[in-house]
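**Q** I'd like to go over a predicted model; first the sequence, then the structure.
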Amino acid sequence: MKIMPLQKRGISDSRLALGCMPFGGEWSHAPFTQAHVVEAERAVEAAQSIGITMFDHADIYRMGKAEEIFGRVLKGQPGLREQIVIQSKCGIFLPDGTLPGRFDFSYAHIMESVDGILKRLGTEYLDILLLHRPDPLVEPEEVAKAFSELKTSGKVRHFGVSNMNVSQIRFLERSLTEPLIANQLEMSLAHLHFVDQTVHVNQQAGTNVHFGEGLLEYCQTEDIQLQAWGPLAQGRFSGGSLKGEPERVVKTAELVQKLASEKETTREAIVLGWLMKHPARIQPVLGSANPERIKACQDAERQSELMTREEWYELYVSARGQALP
């Protein structure tokens, strides 16, 4: 079996991660309730029941409530913190009053954000910190200073990025002393640019592909873990409403159901298995707090191993709605 980059680095062997963005109810500053805490506890329990030991956060999720609720979960289960990997992100300011939404990779913001993350989670360290979205005003030397101090202090053990291309990663790496170990991007049967970028070389169709030339290959070469946000495509192919969806989505949902029936598995396992079949060893970050939906993903890794090349291409061609070549 091929080894994923985080396994190589001795950080995590969890092929799936649970995204904690749903924890906390509304995207507002309204306080969360005990019901929200119970919902998170059940989601974490469901994740653990299928072998998930990695949990993904961001300082902006539900205005910080997602991390605070997760902190309640950790407090209620002594010993859990050392059994799991916690990843969070910083660098985004949401619109506030007259101020616009904006990105910030300044030294001051990174340091302040990490302190806030740790306080909300009630933990002394993060396993992984990701820079959330590229900041046009980034000064790599400031990022390097923040990362170095966070590493030395023990507040953060590893670092990565999210939604970045090869040039942006290399630009940062020139100043960093710590390696970037992960890059989280949108990848799914509904967001196919990561595959299209490969097959559309020297084709006019490639002008409409927006993923990042050479990004998959660079991350594979440098052992940067590719993580997929939105891997289930909001349930389009696994039971969600298809009202108003284009024919290619409807047909692909039917194909997913057919394969799931033939293989006696779930539609979620087929959708994730397709993504995990890719040799880049992509790690899906599940975006659900529903325990049953989380458990429905249990068979994903096995299905990725069982999926034939023909089945993989059948799903890809169906989802893109256009024949190859």
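**A** Cool, got the structure. Residues are numbered from 1 along each chain as shown.
**Q** neighbours around the closest residue to residue 324 other than its chain neighbours, how many?
**A** Spatial nearest neighbour of residue 324, excluding adjacent residues (Cβ to Cβ, 6 or more residues apart in numbering): residue 317 at 6.0 Å. No exception for glycine: its C-beta is placed from N, CA and C like everyone else's. Using other Cβ atoms under 10 Å, residue 317 is surrounded by 15 other residues.
**Q** on the three-state scheme, residue 317 is what?
**A** Under DSSP: H, G, I helix; E, B strand; the rest coil, the three-state class of residue 317 is helix.
**Q** that one reaches residue 323, doesn't it?
**A** Yes: under the criterion of Cβ atoms under 8 Å, residue 317 makes contact with residue 323 at 6.3 Å.
**Q** any idea how far residue 199 is from the residue nearest to residue 324?
**A** From residue 317 across to residue 199, the span is 10 Å (Cβ to Cβ, to the nearest Å).
**Q** same question for residue 230.
**A** Noted for residue 230: a distance of 21 Å to residue 199, by Cβ to Cβ.
**Q** repeat for residue 255
**A** Counting by Cβ to Cβ, the gap from residue 255 to residue 199 is 19 Å.
**Q** and for residue 218?
**A** 18 Å.
**Q** what about the strands in the stretch 201-325 of the chain?
**A** Remark: strands assigned in the stretch 201-325 of the chain by DSSP state E, counting those that start in this stretch are 225-229, 283-286.
**Q** OK, contacts around residue 176?
**A** Residue 176 makes contact with 140, 143, 144, 147, 159, according to Cβ atoms under 8 Å, 6 or more residues apart in numbering.
**Q** repeat the analysis, applying 10 Å as the threshold.
**A** 140, 141, 143, 144, 147, 148, 159, 169 (Cβ atoms under 10 Å, 6 or more residues apart in numbering).
**Q** quick check, it in a strand?
**A** No: read with three-state DSSP, residue 176 is coil and lies in no strand.
**Q** residue boundaries of the helices in the stretch 51-200 of the chain?
**A** Counting by DSSP state H, counting those that start in this stretch, the stretch 51-200 of the chain has helices at residues 65-76, 107-121, 140-153, 166-173, 193-199.
**Q** now those helices as JSON lines including distance to residue 224, mean neighbour count and mean pLDDT?
**A** Shown next, in JSON lines, are the helices of the stretch 51-200 of the chain (distance: least, Cβ to Cβ, whole Å; neighbours: other Cβ atoms under 10 Å; pLDDT from 0 to 100):
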{"stretch": "helix 65-76", "distance to residue 224": "24", "mean neighbour count": "21", "mean pLDDT": "98"}
{"stretch": "helix 107-121", "distance to residue 224": "19", "mean neighbour count": "18", "mean pLDDT": "98"}
{"stretch": "helix 140-153", "distance to residue 224": "15", "mean neighbour count": "17", "mean pLDDT": "98"}
{"stretch": "helix 166-173", "distance to residue 224": "7", "mean neighbour count": "17", "mean pLDDT": "97"}
{"stretch": "helix 193-199", "distance to residue 224": "14", "mean neighbour count": "18", "mean pLDDT": "93"}
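**Q** got those helices as JSON lines, with distance to residue 249 columns?
**A** As requested, the helices of the stretch 51-200 of the chain are arranged in JSON lines below (distance: least, Cβ to Cβ, whole Å):
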{"stretch": "helix 65-76", "distance to residue 249": "29"}
{"stretch": "helix 107-121", "distance to residue 249": "36"}
{"stretch": "helix 140-153", "distance to residue 249": "39"}
{"stretch": "helix 166-173", "distance to residue 249": "30"}
{"stretch": "helix 193-199", "distance to residue 249": "16"}
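**Q** quick one: closest of the ones you listed to residue 186.
**A** Closest of the helices of the stretch 51-200 of the chain to residue 186 is helix 193-199, at 8.3 Å (criterion: Cβ to Cβ).
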